[in-house]
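Visitor: sequence unknown, structure follows:
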Ligand SMILES: NC(=O)C1=CN([C@@H]2O[C@H](COP(=O)(O)OP(=O)(O)OC[C@H]3O[C@@H](n4cnc5c(N)ncnc54)[C@H](O)[C@@H]3O)[C@@H](O)[C@H]2O)C=CC1
Ligand SMILES: CC(=O)C(=O)O
Ligand SMILES: [Mg+2]
């Protein structure tokens, strides 16, 4: 039996004022609440709309507040699905789904899970990009919290976090809006992104909706259009980047942990420069990670390992790949760092295997066959030599001034600075081409055709979002390589049929394959921090979850429609890794497995029976 407890009287008040999450504890199909009558219908976490059973309507004081007929949730889903499909514009679809989420979260998530393939591109990229751009125009009601520079003092922040009505928050996705997808600085309008990411935490990861909190930190914006817009909802001033900014971040990090000691904070879409700094400042003291740096990195490693598998190669072949990456910002460097980590790990594993075989042979095993196993491991510096990184000024060479320490690792000592992409490809003959520049159409026909000259199956990942910022389209990549490319883009593309009838399958390479499972794993493990090994393990999980038959067709990521199952396996493996890394505080009860803990944690979009818990009976007695 669960008690319904408010965190404080302040939280109670704001909960009813905003009709935001009520003080819920879900368990085994029922929930208890102090709310009554129309308050219940107004609460998106309690509302069932026309699906309230008649007895419950009586019990909760809502009889007569709804049309008389009880409609099953399946019928509700069918009705909303039909309405959704009739809407033509993606932004109008986003508004439709957001309005449903604001009224009835259970139904919203049931719809999203059942129709994930068609709805993820609305709730998430690419349409969430449109919603961000129009945030001040389409804003209807708040979701999550907003902290501005004016709230930066710890004593204010400490009190403000109690305004959030949920007594338990497991995941916060926070942005300062400074680099929203490939759309640049959108200030407070970037708030749609944490909302979209958290919708995936619930739909795919299984985090209960009452335990997620989207947050925007408003430090101003340098977007001139927004500053001139009278409807802009953020602070109408230029971005603060100095001490006041870091005070805002620090107060936020401390205040949320003070209220919710086990909370996981996901940094999202912070601009280059600050993204890495914040990660380094907090990664060892707080349970946090940066999705663009680490989540994107793990997703790309998983995709590349599968792209190698599709060619009959294994992880040991990763260190032999020549990789060109367009974009040297937070995502680009996060991705190449993760690949480098994977290269070193695979070479260590290969060496360990080779040494074991050699020992076995020395001891007279292996049928006496001689083996010339390569047992060399490569180190970080050697692995870095497999990369050629370009930014908006071209190839990064060591002679360039102003390189960040993270960029300097990859800067070529053997090349002229600033070489153009085409020239680099011609000289390097890469096997892998990554796009994290945020700029559409930068992989032009010449670039792609040049890439295809040197390798049988060019691996081409234009990962920038949203769709029109992708470095090339799926159709371009497949037609310019005669269908040979192995392709993954950040936002989804439809499959492509070439003139000769060949059907080519593009993949969506997006960090959504990592963060929901990784986050749930970290939460269930009660991890104290998120390690690089946890990300690597998540990446390897993507390898296990793609069947061989799919690889043969160039499908190197799990089917989007399976994402909920994939996130579950990622979560299980991340808990295992957290335990191995000594960062987990979870105690696994006797007779239970890690799988059980994950399954018990995961929320399903089912209407629970609602039990009113009214200390003061005068309300129900009228
Ligand atoms: N598919 C996925 O899961 C993810 C995709 N991304 C995408 O990656 C892109 C970049 O994100 P961040 O690295 O955080 O941005 P950033 O602003 O930190 O870095 C952008 C980099 O691209 C370079 N660049 C800009 N214009 C260029 C041009 N014309 N040619 C070559 N390089 C150019 C810049 O010099 C900089 O190095 C965004 O579009 C974002 O949506 C980010 C995270 C995840
Ligand atoms: C997907 C994502 O995190 C981005 O484009 O920033
Ligand atoms: Mg992002």
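Guide: Noted; the coordinates are in hand. Treat the numbers as computed from the prediction; the structure is a model and nothing was measured. Ligands and ions are numbered 1, 2, ... in the order given.
Visitor: from here on, contacts and neighbour counts on C-alpha atoms
Guide: Noted.
Visitor: low-confidence ranges, this structure, go.
Guide: Regions of the chain meeting the criterion pLDDT under 70 cover residues 1-28, 365-375, 615-622.
Visitor: what does it put close to ligand 1?
Guide: Taking CA under 6 Å from any ligand atom, the part of the chain that reaches ligand 1 is made up of 181-182, 271-272, 292, 296, 326-332, 390-392, 436-439, 463-465, 490, 509-511.
Visitor: mind doing that once more with 5 Å?
Guide: Counting by CA under 5 Å from any ligand atom, the chain comes close to ligand 1 at 181-182, 272, 292, 296, 327-332, 391-392, 436-438, 463-465, 490, 510-511.
Visitor: could you flag which of those residues are buried?
Guide: When burial is judged by neighbour count using 16 or more other CA atoms under 10 Å, the buried members of the residues of the chain next to ligand 1 are 181-182, 292, 296, 327-332, 391, 436-438, 463-465, 490, 510-511.
Visitor: also near ligand 2: which of the residues of the chain next to ligand 1, exactly?
Guide: 181, 465.
Visitor: mind checking which of the residues of the chain next to ligand 1 are in helices?
Guide: Secondary structure assignment (DSSP state H) places 296, 330, 331, 332 from the residues of the chain next to ligand 1 within helices.
Visitor: check those residues and tell me the two furthest apart.
Guide: Between any two of these, the greatest separation by CA to CA is 9.9 Å, found for 296 and 330.
Visitor: what are the ranges of the helices in the stretch 401-550 of the chain?
Guide: Ranges of helices in the stretch 401-550 of the chain, per DSSP state H, counting those that start in this stretch, are 405-408, 421-428, 445-454, 474-480, 515-524, 532-544, 548-552.
Visitor: what's the angle between the fifth one and helix 532-544?
Guide: Which is helix 515-524. Our comparison of helix 515-524 with helix 532-544, counting by axes from the mean of the first three to the mean of the last three CA atoms, to 10 degrees, yields an angle of 130 degrees.
Visitor: output the contacting helices and strands for helix 515-524.
Guide: Using 3 or more CA pairs under 8 Å, 6 or more residues apart in numbering; DSSP states H and E as the contact criterion, the secondary-structure elements in contact with helix 515-524 are strand 264-267, helix 532-544, helix 563-580, helix 594-601.
Visitor: could those go into JSON lines alongside mean neighbour count?
Guide: Formatted as JSON lines, the helices and strands packed on helix 515-524 follow (neighbours: other CA atoms under 10 Å):
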{"stretch": "strand 264-267", "mean neighbour count": "25"}
{"stretch": "helix 532-544", "mean neighbour count": "23"}
{"stretch": "helix 563-580", "mean neighbour count": "24"}
{"stretch": "helix 594-601", "mean neighbour count": "16"}
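Visitor: out of the ones you listed, which gets nearest to ligand 3?
Guide: strand 264-267 (8.5 Å; CA to the ion).
Visitor: following that closest one, which helix or strand comes up?
Guide: helix 274-282 (DSSP states H and E).
Visitor: in that next one, what counts as buried?
Guide: Residues 275, 276, 278, 279, 282 are the ones in helix 274-282 that count as buried (16+ other CA under 10 Å).
Visitor: can you give the distance of that helix from its chain's centre?
Guide: Using CA atoms, centre = their mean, to the nearest Å, the distance from the centre of helix 274-282 to the centre of the chain it belongs to is 18 Å.
Visitor: who are the packing partners of the following helix or strand past it?
Guide: If you walk from helix 274-282 toward the C-terminus, the next helix or strand you reach (DSSP H and E) is strand 288-290. Secondary-structure packing of strand 288-290 (3+ CA pairs under 8 Å, 6+ apart): strand 264-267, helix 274-282.
Visitor: got these as a markdown table, with distance to ligand 2 columns?
Guide: As requested, these are arranged in a markdown table below (distance: least, CA to the nearest ligand atom, whole Å):
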| stretch | distance to ligand 2 |
| --- | --- |
| strand 264-267 | 10 |
| helix 274-282 | 12 |
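Visitor: with distance to residue 428 as added columns, please give these in CSV.
Guide: Formatted as CSV, those follow (distance: least, CA to CA, whole Å):
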stretch, distance to residue 428
strand 264-267, 34
helix 274-282, 29
